[in-house]
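Student: below are the sequence and a predicted model for it; my questions follow.
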Amino acid sequence: MGKKKFLTWSLLLLLLVSTALFGCSSDKESEESGGSEGGSTEEKTLIFGRGGDSVSLDPITVTDGESFKVTKNIFDTLVNFGEQDTEIEAGLASKWEPSEDGLTYTFTLQEGVKFHDDTDFNAEAVVKNFERWAAGDGEQFPYYGSMFGGYGDDEGHVIDSVKATGDYEVVFTLKRPQAPFLKNLAMSPFAIASPTAIEKAGDSFGDNPVGTGPFKFVEWKRNDTITIEKFDDYWVDGEPKLDQVVFRAIPDNSARLNALLSGEIDLADGITPSDGKTIEGDDNLQLFERPSMNVGYLGMTVTREPFDDPKVRQAVNHAIDKQAIVDAFFEGRAEVAKNPIPPVISGYNDDIEEYEYSPEKAKELLAEAGLPDGFEMELYAMPVPRPYMPDGQKVAEAIQKNLADVGITAKIVSFEWATYLEKAANGEADAFLLGWTGDNGDADNFLYALLDQDNVGTNNYTYYENQELHDLLIKAQSEVDEDVRNDLYKQAQEIIHDDAPWVPLAHSTPLLAGGKNVINFKAHPTGSDKLAGVDLE
Amino acid sequence: MLHYIGRRLLQLIPVLLGMTFIVFMIIRAIPGDPAQVILGQQASEEAIKALRTNLGLDNPWYIQYFDYLKGLVTGDLGESLRTRTPVVDEVWPYLAATIELSLFAIIIAVIIGINAGIISAWFQNSWFDYLAMIIALVGVSMPIFWLGLMNQWIFSIELGILPTTGRENVRDPVDVMTGFYVIDTLIAGNFDQLSTVLKHLVLPGTALATIPMAIIARMTRSSMLEVMRSDYVRTARSKGLSMFWVVYKHALKNAIIPVLTIIGLQMGLLLGGAILTETIFGWPGIGRYIYEAIGFRDYPVIQSGILIVAFIFVMINLFVDLLYGLVDPRIKYD
């Protein structure tokens, strides 16, 4: 072919292609929109838009919330959390009997339950799952070790044995009582998987998950969609209502809202508080509030001057106008915090008297601490939005202003997220913004994890240590009597309040939005929602 | 010619080797422990230590680098720290998604850009010229995220003619064979799906095309202006050839070479620079794959992802260099 011809032809081809492309885009426009009536089938498909993709669909191997959002619907756990709280209800186990001393738990299992691969769910399956996990390590099954104190023969490992005492009866023997034991079992990572499928799939079980849940796995297009479909033999009568659920990753919050507005998705996670009003004002949409199980806080590294003086920390507590922060940056969709745990968690101490917003008191305390002219400090601002902190930068600016009013000069610094966490964990920050979302709805998961001396340098970023507090928290871990236990936590909160390593800022209610046609969606405080009861109109 | 290609390919080796080294060093210089990031905020210290050892992060950097190179030679790009899947196995769908989007974008950019440039040069200093060049200027300076969200709002929400995000109608998913959905739907002969897939390409494609389109238009215009002042064009005109013929047949051929260079460069930039577009439009491409890997300190993915993009970039440039010869026979390779 001559060169002239080549050029002419390529130009012609480009023209043709472009004409074809634009020709295509004008016809048949509305197949995307219109919820259930769209698509090629009459099936009821719910499309759930969220910020990120799952890491794996084998729930025991992951720790991220996005993975659990999907596995929650493929797998069941022995016991369940309540519909919108963390009270314990029956799951794959219909009944359970703890012994007097809290060392054995006897579970009676549901009969006639099938895994998606058509094998039977029974006591043997439960035993095999726990054996698999106990034989693992922190890298394979991170949550198992952190919730049950280790693996196999580890000294701290709480579970001594799991035995099948009948086809549908399992007995757990513990080495020592563990108060949050049932709540732990209800967590998504401890969902029961089909032993046959695990054996068959080996390392690729995370791409081919098989559970007993309301939906079975169909397809995963990485970073794009995960499709699950109705499991016809699901053991709960009348569930699931939907034929199919597609989880779609749309990282940008505004784009996700746009996709909801145009009808491409039916449900959108991670709605920015400032968009809440828009959604409430839209007749075609509804807003869902996820009950709060988190805390956003300002931590002060107690090993750094002048924050080694409790008076200074109390002064900072008095200096910050939390209500104003909640109103401005959480759009009022959060509760002002006074304790490290949110009020929904049992053991919450409502008698704690909040540090009121009072610059005068703050100044007095600073004077008492020998710093009448204030001081200079660095304030770490979170670089990423989190449910407990929608905009770290702006919250930091508000705090900076509050501190300036009492003579403290705060310089705001920020780092990329992984760096931020590392520097805070190393104790390099004077003060930093951070937060926590609970795993199992237990006070231990907040107070011990975040403020006990055992966790200094990991989750206790403030390096706060208090022996009295430590003793209380350790005692509470094995206290079986709920009332006694709650009492211990109330005392613990008093100590924390007085020592003031944090300024607890807010317990936020994360927002979701959905089309008006979504029925019976209940947002769960843990962040992973069971969609078995959800329907489309 | 074959000799030339061979030499160019050999030259690739030190270039890519240098790339691996630079990328390797840079990503290890940024603070942040992958083990901590992988296990998350809730992880215990022992678990993090165990994972570090297991991932080989305890080894000195040169051993890690050497291991990495050893893997590369055997075609092993490493295993993602996050998903525990070999990068080779998981990278293709992302790469295909980005290539499809980039090709679409470059086609739009070339067609509109070149023609706008030609017409601007043809009618120099006319209102079209001014308008086109103003649009080109705005196009270069427009932030993609803003443009993207505006387009979503206008074309999806208000007009309802184009989808906002993603690659396909997820209620009617494409059966993936090659990873290029346009081709996959063509193979399947499903023209409904093809049209849906093309519609999904339009918004992200035009957002991505805006900058190269503007640059190509400006380049074509100045290149054409130069050529059109030359003697042979005047001769052609005086022979009574129509302006259209002169411009598209004679002038363009000589003006196209610098434009080709620009197109090649832009094509390479698109591949790597699609992160914002891919984020706004929920496009599961390689830009986002690498970007998210950075957040997770997923070293093998960052290294290999950048290496792959760099490789394609170099290959495109080689291809463009070869194209010169086709367009202008006076250019010789030896």
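Tutor: Nice, I can see it. Numbering: from 1, shown residues only, chains lettered A, B, ... in the order given.

Student: checking the residue in the stretch 51-200 of chain A that chain B sits nearest to next. Helix, strand or coil?
Tutor: The minimum distance from the stretch 51-200 of chain A to chain B, using Cβ to the nearest Cβ, falls at residue A:138 (3.1 Å). For every residue, glycine as well, the C-beta is placed using N, CA and C. Put simply, residue A:138 is coil when judged by DSSP: H, G, I helix; E, B strand; the rest coil.

Student: with adjacent residues omitted, what lies nearest to it?
Tutor: Distances taken as Cβ to Cβ, 6 or more residues apart in numbering or on different chains place residue B:47 nearest to residue A:138, at 3.1 Å, with adjacent residues excluded.

Student: in this structure the one you found contacts residue A:136, no?
Tutor: No. Contact between residue B:47 and residue A:136 fails when scored by Cβ atoms under 8 Å: they sit 11.1 Å apart.

Student: which of those two has more neighbours?
Tutor: Taking neighbours as other Cβ atoms under 10 Å in any protein chain shown, residue B:47 and residue A:136 compare with residue B:47 leading, 25 against 17.

Student: now for the helix or strand hosting that one, which elements pack on it?
Tutor: If you go by DSSP states H and E, residue B:47 is part of helix B:45-55. Here helix B:45-55 touches helix A:142-148, helix B:34-39, going by 3 or more Cβ pairs under 8 Å, 6 or more residues apart in numbering or on different chains; DSSP states H and E.

Student: most neighbours per residue, which of the ones you listed?
Tutor: Burial of the helices and strands packed on helix B:45-55 is given as mean neighbour count (mean count of other Cβ atoms under 10 Å in any protein chain shown); helix A:142-148 ranks first at a mean of 24.

Student: buried residues, the helix or strand following that helix. List them.
Tutor: Taking DSSP H and E as the definition, the helix or strand that follows helix A:142-148 towards the C-terminus is strand A:159-166. For strand A:159-166, a neighbour-count test (16 or more other Cβ atoms under 10 Å in any protein chain shown) marks A:159, A:162, A:164 as buried.

Student: which of these sits closest to residue A:334?
Tutor: Ranked by distance to residue A:334 (Cβ to Cβ), the buried residues of strand A:159-166 are led by residue A:159 at 37.1 Å.

Student: residue A:186 against residue A:79, yeah?
Tutor: Yes. Counting by Cβ under 8 Å, residue A:186 touches residue A:79, with 4.8 Å between them.

Student: which neighbours do these two have in common?
Tutor: The contact sets of residue A:186 and residue A:79 overlap at A:88, A:91 (Cβ atoms under 8 Å, 6 or more residues apart in numbering or on different chains).

Student: thinking again about what came up before, dump the buried residues of strand A:159-166 to JSON lines, plus distance to chain B and pLDDT.
Tutor: Formatted as JSON lines, the buried residues of strand A:159-166 follow (distance: Cβ to the nearest Cβ, whole Å; pLDDT from 0 to 100):
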{"residue": "A:159", "distance to chain B": "17", "pLDDT": "95"}
{"residue": "A:162", "distance to chain B": "22", "pLDDT": "96"}
{"residue": "A:164", "distance to chain B": "30", "pLDDT": "96"}
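
Student: quick check: beta-bridge partners of residue A:219?
Tutor: residue A:227 (DSSP bridges).

Student: list the contacts for it?
Tutor: Residue A:219 neighbours (Cβ under 8 Å, 6+ apart): A:225-227, B:173.

Student: those, buried ones only, as a PyMOL selection?
Tutor: Entered in PyMOL, the line below selects the buried ones among the contacts of residue A:219, by 16+ other Cβ under 10 Å:
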select buried, (chain A and resi 225+226+227) or (chain B and resi 173)
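
Student: check the contacts of residue A:219 against residue A:431 and report the nearest one.
Tutor: residue A:226 (39.5 Å).

Student: hang on, that closest one packs against residue A:215?
Tutor: No. Contact criterion Cβ under 8 Å: residue A:226 and residue A:215 do not qualify, at 10.5 Å.

Student: quick one: buried residues of whichever helix or strand residue B:132 is part of?
Tutor: Using DSSP H and E, residue B:132 sits in helix B:127-141. Residues B:129, B:132-133, B:136, B:139 are the ones in helix B:127-141 that count as buried (16+ other Cβ under 10 Å).

Student: can you tell me which of the residues you listed are up against chain A?
Tutor: For chain A, no contacts are drawn from these by Cβ under 8 Å from any Cβ of the partner chain.

Student: flag the shaky bits of chain B, pLDDT-wise.
Tutor: B:32, B:37-44, B:272-273, B:333-334 (pLDDT under 70).

Student: what does the stretch 351-500 of chain A put close to chain B?
Tutor: A:415-419, A:421-423, A:425, A:436, A:439, A:449, A:457-459.

Student: show the pLDDT at residue A:58.
Tutor: Here, the pLDDT recorded for residue A:58 equals 95.

Student: ditto for residue A:187
Tutor: 95.
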